[in-house]
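generate a structure from the sequence data that follows.
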Amino acid sequence: MLKTWHELLVEDHETTEKLFDAVSKACASPNGPTRPFIADVVIYLNEYVDGCHNKKEENHLFPILEQRGIPSDGGPLAVMLAEHEQSKRFLAQVTKTGNAYAHGNLAILSDFVAAFNAYATLVKTHYWKENDILFKMAQRTLTDADVESVMAGIVKTEAALGPNTHEHYHAIARRVIAAGGLEDLSFGLEREILAAMLNTLPVELSFVDANDIVRYFSHENREKIFGRTRGAIGAQVQNCHPRKSLHIVNTILADFKAGKREVAEFWLEINGKFIHIRYYPVCDSSGIYLGCLEVVQDVTGIRALTGQKRLID
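Sure, this is the predicted structure:
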C-alpha cells in the first residue's frame, strides 16, 4: 500500500530521531564515534534532512497551507519556517565541527557534541510540533487535489537528488543507527518498572516463545479472567488448552510462524462479561518469529460507552 504524504514525512522524522539518539550514544561511548560514522551523520543531515526533507515541506506543503488560509507570517506555519532557518544555523556548526572530526581532528569532539545537541534538541521539538499540530491541521484542511500536489512535490524533490533518494539516505541513517548501537525504548527501564507497567495495563498478557513454550503471563498476583499459576511457565502451550481446541491453536501458531496471519481473535460471554481475546505474532526487527502474544480483555464497559468524554472540551 502506498504511503500518504503525512506518513512519508513522519517516517523521515522517526528515522532522524533514531539517528539523533544513536549519535548521542556513540559520542558518549569510551572510544567515541568513528570518523566514517560522523561523516555519514553530516551527509545525512545536510543532504537529506535539510536539503530534501525540509524542502518537501517548504516548497510543497507549506505554500498550499498558506493558500488554504493558514498564514506564513504568524501561527504554527510561521513557527515552522522560523525553526527551519534556525536549524540551518545550528547545522552549520554541526557540519563545521563534524567535518573537522571526520578529517582527523579528534580533539574537536566536544565542540561537535555541543553543536549537535543544540541542533538535535531544536529539531526534535520541531518534529513534535509538526506531527501533533501542523500535520493534523493540514489533514483537516487539504483537499484531494492538494494531497495529490503535495505527493507529487515529494516525489519531485527526491527525484532532483537522484534515483532512489529515499532509500539511499534512509540506508545511511540505518547504518548510523546500527553503528551507534541504538536499543529500543525499553533499554532505559528497570525490570521492576517494566513489569509494573505490564501489570497495570487493562489487558492480561501471556507470551509463548518460538518453540510454543509458555514464558510469561502478567497480573500474576491479581484476579484474572482466565486463572493461571506459575506451573504454566515452561509448559508446552498445547498442554494448556482443551484437546478439542488443539487443532485451532496449532493452525494459528503455524500461520504466525509462516507469516500468513497478523492476528487471530475470538470473543465470548462469561458470567455477564464480554471477553475479547486476541493473539499476535511477535517478531524481531528483521521479521524473525519470536513467539505469540495473547491479549485478554474484559470489554463489557467499552461496549457500553456512548457519546464523548474528551480530555479537552
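
give the buried residues for the host helix or strand of His276.
Here His276 sits within strand 273-283, counting by DSSP states H and E. Within strand 273-283, the residues that qualify as buried are Phe274, Ile275, His276, Ile277, Tyr279, Tyr280, Pro281, counting by 16 or more other Cβ atoms under 10 Å. (Glycine included, C-beta is placed from N, CA and C.)

kindly report the same for stretch 259-274.
By neighbour count with 16+ other Cβ under 10 Å, stretch 259-274 contains the buried residues Arg261, Ala264, Phe274.

any chance of CSV for the residues you listed, columns distance to Phe217 and pLDDT?
Below are the buried residues of stretch 259-274 laid out as CSV (distance: Cβ to Cβ, whole Å; pLDDT from 0 to 100):
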residue, distance to Phe217, pLDDT
Arg261, 22, 95
Ala264, 18, 97
Phe274, 21, 97
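
can you lay out those residues as TSV showing distance to Leu19?
Output for those, formatted as TSV (distance: Cβ to Cβ, whole Å):
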residue	distance to Leu19
Arg261	33
Ala264	36
Phe274	45
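
now, among these, which is nearest to Leu65?
Distance to Leu65 across these (Cβ to Cβ) is lowest for Arg261, with 40.6 Å.

from Phe266, how far out is the nearest residue to that closest one once chain neighbours are set aside?
Nearest non-adjacent residue to Arg261, counting by Cβ to Cβ, 6 or more residues apart in numbering: Asp255, 4.0 Å away. Distance from Asp255 to Phe266, counting by Cβ to Cβ, to the nearest Å: 15 Å.

try Arg89
Relative to Phe266, and taking Cβ to Cβ, Arg89 is found at 57 Å.

what are the ranges of the helices in the stretch 151-300 of the chain?
Applying DSSP state H, counting those that start in this stretch to the stretch 151-300 of the chain gives helices spanning 165-179, 191-200, 246-258, 300-303.

nope, the stretch 1-150 of the chain is what I was after
For the stretch 1-150 of the chain, the helices defined by DSSP H, counting those that start in this stretch occupy 5-28, 35-43, 54-56, 62-67, 75-102, 109-129, 135-141, 144-159.

ok, and what's touching the second one?
Among residues not part of helix 35-43, those counted as contacts by Cβ atoms under 8 Å, 6 or more residues apart in numbering are 19, 23, 26, 94-95, 98-99, 101-104, 112, 172, 175-176, 179-180.

try 7 Å
Here helix 35-43 makes contact (Cβ atoms under 7 Å, 6 or more residues apart in numbering) with Val23, Ala26, Thr95, Gly98, Asn99, Tyr101, Ala102, Ile172, Arg175, Val176, Ala179.
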